[in-house]
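> Just need the structure, nothing else, for what follows:
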Amino acid sequence: MGVTRRTFLQAAAAVTAAGTLGVAETATAGPAAAASAPGDVVGKVTVGYQGWFACIGDGAPINTWWHYSANGGQPPSPSNTTIVAWPDVRDFTHTYPTAYANLGNGQPASLFSSYDQQTVDTHFSWMQQNNIDVAALQRFNPNGSEGPTRDAMATKVRSSAEKYGRKFYIMYDVSDWTNMQSEIKTDWTNKMSAHTASSAYARQNGKPVVCVWGFGFNDNQRPFTADACLDVVNWFKAQGVYLIGGVPTWWRTGDRDSRPGFSDVYHGFHMLSPWMVGRIGNVADADNFYNVATLPDLAECNTYGIDYQPCVLPGAVTLRQRAHGDFMWRQFYNHVRAGVKSFYISMFDEFNEGNQIAKTAESQAWVPTNSGFLALDEDGTACSS
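Predicted coordinates:
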């Protein structure tokens, strides 16, 4: 493949160096063009952005080690952690000490807070440096204790996107949201729609972009009926938004990870972005999905005039899937040869699952000595953070 030592951010940059649309158009085979002309999401690379890490003492309303510790009142440690990979924090001006042992190089083991504006600025500067166009800010049920911090994160992301010339949009994750059908509408109307006034808010076909992730998944976290989901889809479209659906891998066939009877819901979106985390783990898997998912999905989307934004995964560090970039690179290659125009990288800062592309410890010198975490060189090939 000739892509050893390639970083994950560079994999995205290489695909977009001449403009994603232009690269995709060079494919000699593949289905017809996307339903929509290039815009802020069609023909672009988007990353999922959690922005959900906080530390006690950072000023965040939630005032806990949010998404770092199992017991958020105590700093993360080997016995009190929810992350599975260690960030490279050298570019942050302020970090927070943990209860981990020092790094292999003797430096203290400290972590960033997403609540610090400089952290978000740094993340968006990395996106700018690596030709990542758009950040989809994840927004879970905002009506509990997390709400004020999530509201503040939307403002911080807006500021950083404006500063670094990136686009952003709100991506609702409906997992475990009991009163989703009514509350998602209220949240958009009363809070999040205000961000569409930003010059950095993503627009497609002249409309502000919103994504709803989780409709149709066949699990207990998202038990919504097709009628309830279709109501939300139609409501958002009536508000004049360009609506993306984060949907099950097998949305098209309506089985396996998809509930049956959701075809009208899926076909109601302007763009579909099937989920892939946990579905593939190596190059052979990626090549198989090119045939069984990507090509038929793209054909179906073209038939219905729907834009298509498949996931690209870096691979889980903990499962040794990354192959120093080859795994991610193969997915980009397959999508481009299929004629795909738009990409969704899952995720940017998901250190809890280990599938982040944000800068990560490159060797054991940059990992706490008592953590047991793998670094990016786990397969013997040196990788920069």
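
> wait, isn't Gly51 in contact with Asp349?
Yes: counting by Cβ atoms under 8 Å, Gly51 touches Asp349, with 7.0 Å between them. The C-beta positions use only the backbone N, C-alpha and C, and glycine is treated the same way.

> what touches both of these two?
Ser114 (Cβ atoms under 8 Å, 6 or more residues apart in numbering).

> can you give me the helices in the stretch 251-385 of the chain?
263-267, 283-289, 295-304, 326-338 (DSSP state H, counting those that start in this stretch).

> can you redo those helices as CSV with distance to Gln128?
Output for the helices of the stretch 251-385 of the chain, formatted as CSV (distance: least, Cβ to Cβ, whole Å):
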stretch, distance to Gln128
helix 263-267, 33
helix 283-289, 28
helix 295-304, 29
helix 326-338, 19
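
> okay, the ones you listed, which one's buried deepest?
When the helices of the stretch 251-385 of the chain are scored by mean count of other Cβ atoms under 10 Å, the highest mean neighbour count falls to helix 326-338 (a mean of 23).

> What is the distance between that helix and the centre of its chain?
17 Å (Cα atoms, centre = their mean, to the nearest Å).

> Which neighbouring elements make contact with it?
Helix 326-338 sits against helix 8-16, helix 283-289, strand 311-312, with contacts defined as 3 or more Cβ pairs under 8 Å, 6 or more residues apart in numbering; DSSP states H and E.

> Touching the last one from outside, list them.
Which is strand 311-312. Contact with strand 311-312 is made by 12, 273-277, 328, 331-332, 335, 343-346, as judged by Cβ under 8 Å, 6+ apart.

> could you redo the last one with a cut-off of 10 Å?
Residues from elsewhere that reach strand 311-312 (Cβ atoms under 10 Å, 6 or more residues apart in numbering): 8, 11-12, 15, 45-48, 246, 249, 273-277, 279-280, 286, 327-332, 334-335, 340, 343-347, 357.

> tell me how far it is from the chain's mean position?
9 Å.

> Sketch out the low-pLDDT regions of the stretch 151-300 of the chain for me.
Along the stretch 151-300 of the chain, segments meeting pLDDT under 70 are nowhere present.

> Please enumerate the strands of it.
Using DSSP state E, counting those that start in this stretch, the strands of the stretch 151-300 of the chain run over 167-173, 203-204, 207-213, 242-247, 271-274.

> What pairs with the third one, parallel or antiparallel?
The partner list of strand 207-213 in its sheet, established with DSSP bridges, is strand 167-173 (parallel), strand 203-204 (antiparallel), strand 242-247 (parallel).
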